[in-house]
Each structure stands twice: as C-alpha cells, then as structure tokens.
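Trainee: Here is my input; please provide its structure:
(2 chains)
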Amino acid sequence: MVAGLAVALLAAMVAASQGSVYIPLNAIIEMLGARLPGVGESGHPDSWNTILWQLRLPRVALALIVGAGLAMSGAAYQGLFKNPLADPYLVGVASGAGLAATIVLLTGIPLYLAGVGILPIAAFGGGITSVAIAYTVARRVQGTPLTTLILAGVAISALAASVTSLLMIRSDPDLRPVLSWLMGSFIAAEWSDSLVVLLYLGPSVCVLLGFARILNVVQLSEEHASMLGVDVERVKIALIVAATLATAAAVSFSGLIGFVGLVAPHVVRILWGVDYRFIIPMSGLVGGTFLVLADLVARTIVSPGELPVGVVTAFCGAPFFLFILMRRRTSEV
Amino acid sequence: MAIGVFEVGTLPKRAETPPSRLRVEEPTPIPAVYPVSVKSGDGREITFDQPPERIVAFDSAIVEILFAIGEGERIVGTHQYVSYPPEAADIPRVGDAFNMDIEATVALEPDLVFVFFDRFVQDLERAGLKVLYIPSLTDDFEKIADHIRTWGKIVGNPNEAELVARDFEARVAAIRETMEPIGAGPTVLQDVGGFWAPGQGTMMQEVFDLLKLENVAHDIEGYAQISPEVIVERDPTIIFTSDPEGFTGEPAFESVRAVRHGTLLTLSTDALSIQGPRFIEGVEEMARLVYPGIFE
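Mentor: Below is the predicted model:
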C-alpha cells in the first residue's frame, strides 16, 4: 500500500513535469518550491507559472481523484454484486450523466450562468436521476434484489443512450464537443473541480472503506452475512449511494471515462488477493495512477492537440489487462 | 491605401441590400448554353440537356447560391439545417444531419438531387433519380465563386451567377487590397466549442491568412482539440468564441491577452461555416471586428 502511494505520487510528479508546452524539470521544481513559505519568487515566465498551477496541476489532481473514485466505486460494486463485469456505471450513472450533458451541449442552454458551469451540475443530476429511477423500480417490500437493480439499470442506460443518440442525430452536424465529452476529457479541469469531487468522494470513500470487511463476508453469501447479524439491505443501500455519488461527481467534471473502474479492481485482485479492506484503497491508488498517466498521454501524444482520455484508457489499458489475464492461467477471473 | 480604405468603407450595409453588386461592372449578357457537363465528386460527368426545374438541394451552400442568383424557386426539397435565406423556410425538409429520407425525396419528383456527401448516391440513383454529388470544399474559399458560376450554368442563368460570383471576388479583392499595406496582424485563436480549433488545411486558416492573422493553432491539422497549455503559452491577442465566459471565468486564462484586453469576439452569423455567397460577409465581419478603424 505504501509502495502504491509512492508510485501514485511519482506518477503525479512525472505528469506535472510533462505537457504540450515544454517546461524544464528544474524550473518545475523551483516553481513548486517558490510556493513554500520563506522561498522567494522563482523568476520564471508568468506563462509557465500559469500553465503549471492553473492548468497542469489541476488536471493531475482531478485525474488522480477521478481515477481513484471510479476504481473504488468499481471495486465496491464488483464486491456487492459479486459480478466481475460490474463497473461504476453499472446501474445507469454514466448514461444518465451523458444524456444530461448532451442536452446541455446541443440545445443551446448557456454553458455558464453567473460564472457557474452548468454542464457538471446537469451531468451530476442526470447520473443521480437515472440511478434513482433504477433503484425505485427494483425496490421490493422485503429488500432490493440486486439482479433486478442491474436489469433496471441496464434498461434505463439503454433508454438514455438512445435518447442521447437521437439528440445527436437530430442536431446540428458539429458534434465534436459532445463526442469529446462522451469519451472523457480533463481539458477544462480547474482546482475547484477537484475540490467539489473531493467533497463527494471523501464521505463516499469512508463508507466504502467502512463496509470493506462486510464485503468480505458478503462474498460468501448474503445469508451467511445475515446470520452474522449484518443488515444486508442497509449495506447495499449505503454502498450503492456512496458509489453512485462518487461516480456521478467524478464524471460530471471529466465526462465518461471508461475502463478504469472496471479494470483497476481486477488488476489489484489478480496481483494482490481478495481482501476488500485492501482491494478498495489499492484500487483507488491504481485507478488514480493509471488515469494520471493516461491523461498525460492524452495531452502530449498529438501535441499541440489533445485526445479524449477515454480513448487512451482503452488503448493503453486493454492490452495491459489482457496481458495480465494471459499471464494468470487459472480459472478464476 | 487611402483609395482601398475608401472603397471598402462605402460598402452598403449588408442587412439592407443583401446581394450587393454596386462595385461590379455589368458583364456582357452571357447566354445559357446546353448541354452542360459537370464533374461529379466520384469522377463521373453529369450532363444536363436542360435546366433542372425541381431540385432537391441537400446542402445549405447550394440553397444559398440558388437563391442569390434568383433561382431559389427551383428548390423543392432540402435538409433540416438550412436556415438562410428566410424564403427557404417553407421548402420541405427531407432529412437531417446524417440521414436522408429517400422515399420522401422520390415523392417530391425531383429532376435533380444535389448531395455534398456520397452516402446516398447509389440509393438515389437506384430510385431512378438524377444525382449530382460534389463534396464540400476543404480549402480555397475563393472557389466558392466557381461553384456559383457552375450553378448558373446548370440552371440556365449564367448571367446572374456571373454577377454574384464577381461580387464575391470583388469583395475578396477589396479586402486583400486593404490588407496590402498592413503588416503582420494580431495572433488569434478560434474556439468552435470545447477547445476545438481550426488549423492547417481549413477554410478558416485561409481567412486568417487573408486577414494576416497569425493562428495560434497553426500547427494543428484540420480541426482538433487544442491543449489549453498551448493557448496560455502562445497568448493569442484575439479569441473568436461563441462562449466568452468559458475564458473569462477561468483563472488559467487570466493572463492571456485576449482576456485581459477583452478581445473575446463573437461572430454574429454562421456565414463562415457555409460555403455560399454569404461566406464573404463572414470574412468582412471578422475584418471589421479585428481592424475596426480600417474596415467599417
């Protein structure tokens, strides 16, 4: 775990030092140092300071937080649903957020109102709404069958995705901003974004970590957990709410980044075992590190242009994951 | 230079007299001659023995061209996003951005269907329709004048088309003449949404070249998303955007000259995205916004 933290910090340092505008490493270190008390101005161009403090570091921070949030939510879902295909978007967050974002981008709703960005608010609302619908549909008097919840989530996702496609096909031909949002991007990251995501992510992570031990028990069977005096229904609701809030907050600023939440927990499980008290935090470190590096690739590989980070996560992540799967020639996932 | 400035300065206001021809000499009347042969985008020769009377014009630019040369009433169908001229509002729509309703097109009984992409050419021809497919221009906006002339020949009104085409060329020439004594202009960025910007090989780059604007996205190919770091580093003096708040509200762009000077400019029309006679109006508006003392 300590090693994981060190790797994550190292990745963040590397990512901060590289970008489409070249800034020498020693200048980066001096500019970082200049913020420490007692150290004077670094004497580097203002544009370098702006790029480092207002563009590059906010991106690294947001990528780290979003990656961690998606991966931990994914890990919790996989444990809760006992399904290796579960990802943070399982019960409809992504398609709901995507639909709301598409509506904002295509219907001429102003993107800013009194200086506040409308897009993240809409995406967050859309994500929460679709999960709420799925949950309401799936809820029974004596509990919430998880299979029903997944099915409701799949149906709502399909509906929201087709409405999104419908809007796109009926709209003005210039779909580039919508498509790049749907594929995920940190291009507009600000410090305040990270702060907002952290506000949701902090409590969510506490809930996820707090229930990690119970997730271990639930892996055996729900009945077994009930016999041990665990209120399985409460655990379900708490985990779903926590993972949904974390995911909705993450995607509202970054768009729909695929792959991280599905695969990071599997990598952790394959490499380091099956204890959720370890899997959840470690997935966060792996997911965060991975997304920081993926964003680094996204913003440098076609410089001065950029790629959507979701493309990079799939192109770099999928072969890596397949490689791990091949190396591990046993029957378990 | 004084003469050039004077000439441009006396251009009539666009809103009052849309197709202005004031500075264009009347050409010797050009007779319509048939057959007319036009090269299609797939290399075939499409021949017209007489002017088409019922045209489905699946392209904003062609609709604008036909109306500008006084032949708009030949259009019996178009697509959903045609928004100019106002007279075009009543034309039946047979498709949207990606789809064409072939049945509805056939039902209009057109004697010519124009498309700017080749996806439906085979289907339309199988339905027994005459199709002309010419892809949109990707560069060299001055070829718009040739397109106007081609359509004049097709619909049998080469004279009017010549006037519109010459007006277009004269206005490009007037801008070029006015720009002649002006040295390197300001640096610009055009953000068409979400940091997507035009670079090399785009019509916008040509417009920037004409107006001597130095595009900060000059090393981008076509349209691509530009890194915000590059925007800060290259520090454009002018940013064209329909969404100025996306820049003013961002601490990262506080130091960018366009934000500090308040030169976040918004074009009032979509003229520069349609390759018709109005394109030059978009260029003129951009010129007025960038050089307010020189172009009025």
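Trainee: Can you list the low-confidence ranges for the stretch 51-200 of chain A?
Mentor: Low-confidence segments of the stretch 51-200 of chain A (pLDDT under 70): A:172-173.
Trainee: please redo it, this time with the cut-off set to 90
Mentor: Residues of the stretch 51-200 of chain A meeting the criterion pLDDT under 90: A:53, A:80-92, A:104-120, A:138-147, A:165-182, A:188-190, A:192, A:200.
Trainee: Do a quick rundown of the helices in it.
Mentor: Remark: helices assigned in the stretch 51-200 of chain A by DSSP state H, counting those that start in this stretch are A:57-81, A:93-106, A:118-138, A:146-169, A:176-182, A:191-210.
Trainee: Chain B is nearest to which of those helices?
Mentor: When the helices of the stretch 51-200 of chain A are compared by C-beta to the nearest C-beta, helix A:176-182 sits nearest chain B, at 3.7 Å. The way it works is simple: take the backbone N, C-alpha and C, and place the C-beta from them, glycine included.
Trainee: list the buried ones in the closest one?
Mentor: A:176-178, A:180-182 (16 or more other C-beta atoms under 10 Å in any protein chain shown).
Trainee: Alpha carbons of it, in CSV - could you do that?
Mentor: In CSV, the C-alpha atoms belonging to helix A:176-182 read as follows (Å, rounded to 0.1, in the frame of the first residue of the first chain):
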residue,chain,number,x,y,z
ARG,A,176,-17.3,17.4,-31.7
PRO,A,177,-17.8,18.9,-28.2
VAL,A,178,-20.4,16.3,-27.4
LEU,A,179,-18.3,13.4,-28.6
SER,A,180,-15.3,14.5,-26.7
TRP,A,181,-17.3,14.9,-23.5
LEU,A,182,-18.8,11.4,-24.0
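Trainee: Run the chain-centre distance for that helix.
Mentor: Helix A:176-182 sits 17 Å away from the centroid of its parent chain (C-alpha atoms, centre = their mean, to the nearest Å).
Trainee: which helices and strands sit right next to that helix?
Mentor: Here helix A:176-182 touches helix A:93-106, strand B:196-198, strand B:223-225, going by 3 or more C-beta pairs under 8 Å, 6 or more residues apart in numbering or on different chains; DSSP states H and E.
Trainee: And stretch B:203-216, what's buried?
Mentor: In terms of neighbour count (16+ other C-beta under 10 Å), stretch B:203-216 has its buried residues at B:203-208, B:210-211, B:213, B:215-216.
Trainee: hang on, the earlier thing: out of the helices of the stretch 51-200 of chain A, which is the most enclosed?
Mentor: Of all those, helix A:57-81 has the most neighbours on average by mean count of other C-beta atoms under 10 Å in any protein chain shown, namely a mean of 29.
Trainee: nearest to B:E125, of the helices and strands packed on helix A:176-182?
Mentor: Of all the helices and strands packed on helix A:176-182, it is strand B:223-225 that lies closest to B:E125, at 31.4 Å by C-beta to C-beta.
Trainee: and that closest one, what does it pack onto?
Mentor: Short answer (3+ C-beta pairs under 8 Å, 6+ apart): strand B:223-225 packs on helix A:176-182, strand B:196-198.
Trainee: Can you report how many residues neighbour residue 85?
Mentor: With no chain named, the answer covers chain A. 11 (other C-beta atoms under 10 Å in any protein chain shown).
Trainee: My question was about chain B, not that one.
Mentor: 16.
Trainee: what's the answer for A:N216, then?
Mentor: A:N216 has 17 nearby residues by other C-beta under 10 Å.
Trainee: What sits closest to it if chain neighbours are left out?
Mentor: A:Y276 (5.2 Å; C-beta to C-beta, 6 or more residues apart in numbering or on different chains).
Trainee: and the one you found, what does it touch?
Mentor: A:75, A:79, A:212-213, A:215-216, A:219 (C-beta atoms under 8 Å, 6 or more residues apart in numbering or on different chains).
Trainee: So which residues of the stretch 151-296 of chain B form helices?
Mentor: Under DSSP H, counting those that start in this stretch, the stretch 151-296 of chain B gives helices at B:158-179, B:203-210, B:228-234, B:245-248, B:257-260, B:279-290.
Trainee: packing partners for the helix or strand encompassing A:H266?
Mentor: Under the criterion of DSSP states H and E, A:H266 resides in helix A:260-272. Using 3+ C-beta pairs under 8 Å, 6+ apart, the elements in contact with helix A:260-272 are helix A:57-81, helix A:276-300, helix A:309-327.
Trainee: Name the SS class of B:E103, please.
Mentor: helix (DSSP: H, G, I helix; E, B strand; the rest coil).
Trainee: got the contact list for it?
Mentor: Neighbour list for B:E103: empty [criterion: C-beta under 8 Å, 6+ apart].
Trainee: same question, the one 3 residues further on
Mentor: Under the criterion of C-beta under 8 Å, 6+ apart, the contact partners of B:V106 comprise B:127-129.
Trainee: Same list, those, but as CSV with pLDDT, neighbour count and secondary structure please.
Mentor: CSV is the format used below for the contacts of B:V106 (pLDDT from 0 to 100; neighbours: other C-beta atoms under 10 Å in any protein chain shown; DSSP: H, G, I helix; E, B strand; the rest coil):
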residue, pLDDT, neighbour count, secondary structure
B:A127, 93, 14, coil
B:G128, 94, 7, coil
B:L129, 95, 20, coil
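Trainee: which one among those gets closest to B:Y34?
Mentor: Lowest distance from B:Y34 to those (C-beta to C-beta) belongs to B:L129, with 19.8 Å.
Trainee: What parts of the stretch 51-200 of chain A come near chain B?
Mentor: Contact residues, the stretch 51-200 of chain A versus chain B (C-beta under 8 Å from any C-beta of the partner chain): A:51, A:54-56, A:58, A:105, A:110-112, A:115, A:117, A:169-174, A:176-177, A:180-181, A:185, A:187-188, A:190-191.
Trainee: and if we set it to 7 Å?
Mentor: A:51, A:54-56, A:111-112, A:115, A:169-174, A:176-177, A:180, A:187, A:190 (C-beta under 7 Å from any C-beta of the partner chain).
Trainee: In strands only, show me those residues.
Mentor: The strands, defined by DSSP state E, take in A:Y112 from those.
Trainee: Relative to chain A, how far out is the residue lying farthest from the centre of chain B?
Mentor: Distance from the centre of chain B peaks at B:P251, with 34.9 Å (C-alpha atoms, centre = their mean). Plainly put, B:P251 is 5 Å away from chain A if you go by C-beta to the nearest C-beta, to the nearest Å.
Trainee: and the helices of the stretch 151-296 of chain B, which is most packed in?
Mentor: helix B:228-234 comes out most buried of the helices of the stretch 151-296 of chain B by mean count of other C-beta under 10 Å, with a mean of 25.
Trainee: Dump it to CSV, keeping only the CA atoms.
Mentor: The C-alpha coordinates for helix B:228-234 follow below in CSV (Å, rounded to 0.1, in the frame of the first residue of the first chain):
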residue,chain,number,x,y,z
PRO,B,228,-5.1,24.9,-23.0
GLU,B,229,-1.4,25.0,-22.1
VAL,B,230,-0.7,25.9,-25.7
ILE,B,231,-3.3,28.7,-25.6
VAL,B,232,-1.6,30.2,-22.5
GLU,B,233,1.9,29.8,-23.9
ARG,B,234,1.1,31.3,-27.3
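Trainee: quick revisit: which two from the contacts of A:Y276 end up farthest apart in space?
Mentor: Farthest apart among the contacts of A:Y276 - using C-beta to C-beta - are A:A75 and A:R213, which lie 13.9 Å from each other.
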